[in-house]
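**Q** pasting the structure only:
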Ligand SMILES: Nc1ncnc2c1ncn2[C@@H]1O[C@H](COP(=O)(O)OP(=O)(O)O)[C@@H](O)[C@H]1O
Ligand SMILES: [Mg+2]
């Protein structure tokens, strides 16, 4: 092969291959170096959705709120911190093994995968991304116990994408272990879903007491956005009694999802009717109310670290 022909071959090899034509989808901004000071989370606001009781609607709330905020043009990151990976499955990610929050956290030693590399686009065209979880996160959580600075690991991890998102919503596991403590240490606000059951109020008290402790010891900036009553059915007297008890105890109960259909307002007899309950997960109006409230907080709150 003569020199001319050889040059032709080399040029062909080094030319970038023509990119496949794809419909443009929203991608995060180009990768940047991690924020210099992890304590300064720049524009990112972080909300933990937490309650150590399971089945109260944490995951459903994270998903519904994240989608509503992204539809309104916010750059949203959902973080699945539950080794059961319910949110991950809910977002349609079948397996994140090897590239999940487990590898980002690490265990006794720091993780080996940057958060950015694990992110999955959830809805093409919406700036809505998921940091997925995997069962391996359970082992990572055990390892965290012997890690230096173990409560601050997540805050540092989030700082690496602080410029790329407006809000991170953390789906906490149903426990008060190191992952939940990390979430409540990294967050500036916490939303506490609960079911309207009198026996659950004791667990709620316990959670709020733990939150006070975290505020005192680890994160004085965290504020409670409120207690979000999920799966409320205004037609059931025991649901109404539980909400009344929360109000009587002066708990910061949000009104979201506690409405009564207009046609039945004023009746309030509690008799079952054809009117549907106002579940947050399925009720667009309640979702919009919650997103309105969170947007007010996003627009009002000063960045962490500012005067
Ligand atoms: N606001 C709600 N209205 C109706 N059903 C809900 C609501 N929130 C959650 N659910 C349902 O309750 C179950 C448990 O919710 P989930 O979000 O997984 O709870 P958690 O994350 O607290 O364990 C799921 O089947 C979910 O679809
Ligand atoms: Mg969950």
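**A** Cool, got the structure. The structure presented is a predicted model; accordingly, all values stated were derived computationally and were not measured. Ligands and ions are numbered 1, 2, ... in the order given.
**Q** got the residue ranges for the helices in the stretch 1-150 of the chain?
**A** According to DSSP state H, counting those that start in this stretch, the stretch 1-150 of the chain carries its helices in the segments 3-14, 58-71, 86-90, 101-105, 115-118, 136-144.
**Q** looking at these, spot the one closest to residue 208.
**A** Closest approach to residue 208 among the helices of the stretch 1-150 of the chain (C-beta to C-beta): helix 58-71, 15.3 Å. Placement of C-beta: from N, CA and C, glycine included.
**Q** does the closest one come close to ligand 1?
**A** Yes: residues of helix 58-71 contacting ligand 1 under C-beta under 6 Å from any ligand atom: 58-60.
**Q** out of the residues you listed, which is nearest to ligand 2?
**A** Lowest distance from ligand 2 to these (C-beta to the ion) belongs to residue 59, with 3.4 Å.
**Q** what about the strands in the stretch 151-300 of the chain?
**A** Ranges of strands in the stretch 151-300 of the chain, per DSSP state E, counting those that start in this stretch, are 167-171, 189-194, 223-229.
**Q** got JSON lines for those, with mean pLDDT too?
**A** Formatted as JSON lines, the strands of the stretch 151-300 of the chain follow (pLDDT from 0 to 100):
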{"stretch": "strand 167-171", "mean pLDDT": "98"}
{"stretch": "strand 189-194", "mean pLDDT": "96"}
{"stretch": "strand 223-229", "mean pLDDT": "95"}
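**Q** please identify the deepest-packed of the ones you listed.
**A** Of all the strands of the stretch 151-300 of the chain, strand 167-171 has the most neighbours on average by mean count of other C-beta atoms under 10 Å, namely a mean of 27.
**Q** and the angle for that one with strand 189-194?
**A** Calculated by axes from the mean of the first three to the mean of the last three C-alpha atoms, to 10 degrees, strand 167-171 forms an angle of 40 degrees with strand 189-194.
**Q** parallel or antiparallel, list what pairs with strand 167-171.
**A** If you go by DSSP bridges, strand 167-171 pairs up with strand 45-49 (parallel), strand 76-80 (parallel).
**Q** contacts for the last one?
**A** So the one you mean is strand 76-80. Contact with strand 76-80 is made by 62-63, 66, 69-70, 86-88, 91, 101, 119, 122, 127-133, 158, 161, 164-171, as judged by C-beta atoms under 8 Å, 6 or more residues apart in numbering.
**Q** how far off centre is stretch 244-260?
**A** Taking the mean of its C-alpha atoms, stretch 244-260 sits 23 Å from the chain's own mean (C-alpha atoms, centre = their mean, to the nearest Å).
**Q** hmm, back to that, for the helices of the stretch 1-150 of the chain, which one sits closest to residue 232?
**A** Proximity to residue 232 (C-beta to C-beta) singles out helix 58-71 among the helices of the stretch 1-150 of the chain, at 13.0 Å.
**Q** and the gap between residue 227 and ligand 1?
**A** Taking C-beta to the nearest ligand atom, to the nearest Å as the measure, residue 227 falls 13 Å from ligand 1.
**Q** ok, that residue to residue 190 distance?
**A** Computed as C-beta to C-beta, to the nearest Å, the residue 227 to residue 190 distance reads 10 Å.
**Q** same question, residue 222
**A** Taking C-beta to C-beta, one finds residue 222 at 6 Å from residue 190.
**Q** common neighbours of the two, please.
**A** With C-beta under 8 Å, 6+ apart as the test, residue 222 and residue 190 both reach 48, 184, 211.
**Q** just these now: which is nearest residue 294?
**A** Ranked by distance to residue 294 (C-beta to C-beta), these are led by residue 48 at 12.6 Å.
**Q** what is the neighbour count of that closest one?
**A** The tally of other residues near residue 48 (other C-beta atoms under 10 Å) stands at 31.
**Q** in this structure it contacts residue 182, no?
**A** No: counting by C-beta atoms under 8 Å, residue 48 does not reach residue 182; the two are 9.4 Å apart.
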